[in-house]
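> Below is the sequence, then the predicted model.
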Amino acid sequence: MTAPNHRGKSVDEVQVNSIRCRGVLFDLDGVLVDSTPAVARVWAWWARKHGFDADEVVRQAHGRPSIATIRELLPNGDYEAENREVERREIEDVEDVIPLPGAIELLQALPAAQWAIVTSCTRRLAEVRIGTAGLPKPKQMVTSTDIRKGKPDPEPYLKGAQILGVPGSECVVIEDAPAGIRAGKAAGGRVIALRTTAGDAELREAGADWIVDNCAELSAEFVNGREEFLLLQRRTK
C-alpha cells in the first residue's frame with residue numbers, strides 16, 4: 001500500500017496494515033475478474049463502427065455502465081439498441097476471462113453475508129463473467145440493472161451497503177477504476193484501490209485510501225466473533 005496508514009506512517013514502513021470493517025464491497029472487472037482483453041475488443045469494435053478513437057473509448061468505458069458511455073458519445077443515438085449490442089458481444093466474448101490473483105481466496109475467506117459484488121455490468125453479463133472465472137457465487141450483488149445512477153454516483157455502493165445491512169462508513173470498497181473509487185468514497189466507505197487498471201497518481205487523485213497490487217495482498221482476520229473483521233495487507237520490504 002502506498003497511502004499513509006492511520007498512524008501517519010508510510011505503509012512501506014510497517015509489516016502489517018489493517019482496516020477494521022463489517023462488510024466488503026467488491027467491484028468485479030479489474031478487481032475479481034480480468035476481462036480487460038474482452039472489454040477492449042468489444043469497445044474497440046464499437047469505437048471503429050462510430051468513428052471514435054478506440055483507445056480513448058476503452059479508457060472512458062472502464063468502470064462505468066456501458067449505456068452511460070454510449071449516451072455521452074452518441075447523444076442522438078439509440079442508446080438502448082447500442083447497449084444491447086455491446087452487452088451481447090461482451091457476453092459472447094469470454095475466451096480469456098480469468099480470476100485475478102487472490103480473488104477466489106479472499107472471497108472464500110469472508111462470510112457470504114458480509115460481502116457483495118457491486119459492478120457496472122448488467123446482471124446477465126456479471127453472472128457470465130463470475131461463472132467463467134470460477135468465482136464463488138455472490139449471495140448479494142448490485143449491477144447496473146439494479147440502479148438508476150451508475151458510478152461515480154454513490155448509489156451503487158450505498159445500495160451494496162444497504163443489502164449487507166451495514167452503514168457505508170463500516171464498509172471497505174475494493175476498486176480499480178477512478179469512477180468506482182469516487183463512488184465508494186461518496187458512499188462513505190474506505191477504498192482500497194488495485195493497480196490493475198490505473199496508475200497510483202490517478203488512483204490517489206480519485207480518493208483511494210490505500211493502494212495494493214491485487215487481492216493476493218489482502219487477507220481477513222475475524223474479531224468479535226464473526227461480526228467484524230480486519231482486512232490485512234502483508235508485505236515485508
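Yep, it's here.

> C-alpha from now on. contacts and neighbour counts both.
Noted.

> Now do the residue of the chain most remote from its centre, the pLDDT please.
What lies farthest from the middle of the chain is residue 76; by Cα atoms, centre = their mean that is 29.7 Å. Looking at residue 76, its pLDDT reads 90.

> need the contact list for it.
Residues in contact with residue 76 (Cα atoms under 8 Å, 6 or more residues apart in numbering): none are found.

> How much space separates it from residue 111?
When distance is defined by Cα to Cα, to the nearest Å, residue 76 is 46 Å away from residue 111.

> Residue 228 versus the residue nearest in space to the middle of the chain, what's the distance?
Central residue of the chain (Cα atoms, centre = their mean): residue 27, 2.1 Å from the mean position. Going from residue 27 to residue 228 by Cα to Cα gives 21 Å.

> Ok, residue 73 next?
Distance, residue 73 to residue 228, by Cα to Cα: 43 Å.

> can you list the domains in the chain?
What automatic domain parsing lists as the domains of the chain is 14-34+97-234, 36-92.

> Report the distance from the shortest one to the chain centre.
Relative to its parent chain, domain 36-92 has a centroid offset of 18 Å by Cα atoms, centre = their mean, to the nearest Å.

> that older thread, in a strand, that's where the residue farthest from the centre of the chain is, yeah?
No. Looking at residue 76 with DSSP: H, G, I helix; E, B strand; the rest coil, it is coil, so not inside a strand.

> Across the sheet, point out what pairs with residue 219.
Taking DSSP bridges, one finds residue 232 as the beta-bridge partners of residue 219.

> What's the local residue count around it?
If you count neighbours by other Cα atoms under 10 Å, residue 219 ends up with 19.

> The one 3 residues further on too?
When neighbours are counted by other Cα under 10 Å, residue 222 registers 16.
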